[in-house]
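1. Sequence first, predicted coordinates after that:
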Amino acid sequence: MLRGLAGALALGVGAPWARWSGSPAGVPARVVDLRSDTVTKPGPPMRRAMAEAVVGDDDYGEDPTVRELQEKAAELLGVQQTLFVPTNTMANLICVMGHCQRRGSQLLLGQECHLHVYEQGGVAQIAGVHSHLIPDMPRGTLDLAELERVITRGLGSQYHPRCELVCLENTHCSSGGRVLPIDHLRQVHLLARTCGARVHLDGARLMNAAVALRVRPARIVEHCDSVSFCLSKGLGAPVGALVGGSKDFIEEAWRLRKALGGGMRQAGVLAAAALVGLADAEAVLQKDHENARTFARGLQELASPICSVDPAAVETNMVLVKVAGLSPAELCRHLQAVSAEEVAQTGRAVSVLLFPWTEQSVRAVWHRDVSTQDTELALKKWEFVLRQLRP
């Protein structure tokens, strides 16, 4: 599978991009960056909040802005406490280590979930946890019958590892930002609890799921024993994530954060940005979802034999586009490039940045730095490229 950074390096798009860049015809090119919702930059209100943040030593529990963020997030997520950490990858690792304290404990998770594919195998090389992969269903859910078979196999066995934890991801990145139904979360949690295991939710894009389901995040988290919550994706903060759970669990999470080097000092400058992102999250994410659906419908209407999309599968801010007749990397190069011919024919210069996602697809991700106008420009650029590629 050609994913993420590997695709970026192949395309040469790993460097930071301005919103505008030059073009061969001398016309400034509008850059529409759809690679990920991690590319957002703090806007003026967020920068002001960071500059004016009241800070203290968070490692001593003395940063008032961090405390405010943790308290507001705990209420939002419906958990007793939260803990501010540098990244969602660290948040996931802390939660796995907190639940799986016996070396060789078994972790059950989907084979394409972020924690398994993109987090450097930290649960194995750092936590000493044994992962058992379960095939993902099309929308990111797990096969409950297979989950039950594996989770019960270790009960009373001297040969099989004992399952301590099940990990779910919501929204599910590899399936295109699909939302896990609340009833599925409930069934997984019931099964895990019956077998003496717990459930961790990788909620990197939990707010996207909540907006799509039109529920409070706490309604989702109530079926989990811990949750990670990223602040630097759709919420637009430059750094940070949260671990959520019971008071006792967060006390252990603090110790694990320290062991992993994640204790920070005057972290209020980062927490302040997250507070701004939380304040307008629902409205911003709703607009991201609308723009993604608009794009998917527009691309479908082009009826190109090269690209196809299923608008019904676009539930949040991601669009997976199937590619035929050329490689996804080649399509991405065409969408990124700006030619004099484009300027002559369309009167504008647009560079659309994307990642190849698989050998037959590309992924586009909407975020607060992509406007409705940007969405229309990206669609028109796609139309121009497809017309040029037509046999």
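-> Cool, got the structure.

2. List the contacts of the strand or helix carrying Leu93.
-> Here Leu93, judged by DSSP states H and E, is contained in helix 88-99. Applying Cβ atoms under 8 Å, 6 or more residues apart in numbering, the contact partners of helix 88-99 are 83, 85, 105, 107, 114-115, 118-120, 122-123, 126-127, 129, 164-165, 167, 198, 200, 202, 204, 225-230, 232, 241-243, 245, 249, 252-253, 256-257, 260, 262. (Glycine included, C-beta is placed from N, CA and C.)

3. quick one: average confidence on it?
-> On average, the pLDDT along helix 88-99 is 98.

4. and the very next helix or strand once past it with helix 88-99, angle?
-> Counting by DSSP H and E, the next helix or strand C-terminal to helix 88-99 is strand 106-110. Relative orientation of strand 106-110 versus helix 88-99 (axes from the mean of the first three to the mean of the last three Cα atoms, to 10 degrees): 140 degrees.

5. For Val370, which three-state class applies?
-> When states are read from DSSP: H, G, I helix; E, B strand; the rest coil, the local structure at Val370 comes out as coil.

6. And stretch 204-219, end to end?
-> Using Cα to Cα, to the nearest Å, one end of stretch 204-219 lies 16 Å from the other.

7. Return the distance of it from the chain's centre.
-> Offset of stretch 204-219 from its chain centre (Cα atoms, centre = their mean, to the nearest Å): 13 Å.

8. contacting residues around that stretch?
-> Taking Cβ under 8 Å, 6+ apart as the rule, stretch 204-219 contacts 37, 76-79, 88, 114, 169-171, 173, 177, 179-180, 182, 203, 220-221, 227-230, 233-235, 241, 281-282, 285-286, 288-289, 315-317.

9. how close does Pro356 sit to Gln336?
-> According to Cβ to Cβ, to the nearest Å, Pro356 stands 12 Å off from Gln336.

10. Look at these two and report which has more neighbours.
-> Higher neighbour count among Pro356 and Gln336: Pro356, with 26 against 20, using other Cβ atoms under 10 Å.

11. Quickly run through the sheet partners of the helix or strand that contains the more buried one, with directions.
-> Assessed by DSSP H and E, Pro356 sits inside strand 355-358. Using DSSP bridges, strand 355-358 pairs in its sheet with strand 361-365 (antiparallel).

12. buried stuff in the strand it pairs with?
-> Using 16 or more other Cβ atoms under 10 Å as the burial criterion, the residues of strand 361-365 that qualify are 361-365.

13. For it, the averaged confidence score.
-> In this model, strand 361-365 carries a mean pLDDT of 97.

14. do stretch 291-311 as well
-> 97.

15. Check which residues of it are buried.
-> 291-296, 298-299, 304, 306-307, 309, 311.

16. can you list contacts of that stretch?
-> Stretch 291-311 is contacted by residues 314, 316-326, 331, 364, 366, 370-372, 375, 378-379, 382-383, 386, 389-390 when judged by Cβ under 8 Å, 6+ apart.

17. tell me the angle the longest helix anywhere in the chain makes with strand 361-365.
-> Using DSSP state H, we find that the single longest helix of the chain is helix 281-302. Helix 281-302 and strand 361-365 are oriented at 140 degrees to each other (the same axes, to 10 degrees).

18. Tell me how far helix 281-302 lies from the chain's centre.
-> Relative to its parent chain, helix 281-302 has a centroid offset of 17 Å by Cα atoms, centre = their mean.

19. Buried ones among the contacts of stretch 291-311?
-> Neighbour counting by 16+ other Cβ under 10 Å classes 314, 316-321, 323, 331, 364, 366, 370, 375, 378-379, 382-383, 386, 389 among the contacts of stretch 291-311 as buried.

20. what does the domain assignment say about this protein?
-> 4-37+281-389, 44-279 (automatic domain parsing).

21. looking at the ones you listed, which has the lowest confidence?
-> Sorting the domains of the chain by mean pLDDT places domain 4-37+281-389 lowest, at a mean of 88.

22. re the thing from before, and the buried residues of stretch 291-311, which two are the farthest apart?
-> Largest separation among those by Cβ to Cβ: Asn291 and Ile306, giving 22.2 Å.

23. Wait, a strand at Val385?
-> No - going by three-state DSSP, the assignment for Val385 is helix, not a strand.

24. Chain neighbours aside, what residue packs nearest to it?
-> Nearest residue to Val385 in three dimensions, chain neighbours excluded: His334, at 4.7 Å (Cβ to Cβ, 6 or more residues apart in numbering).
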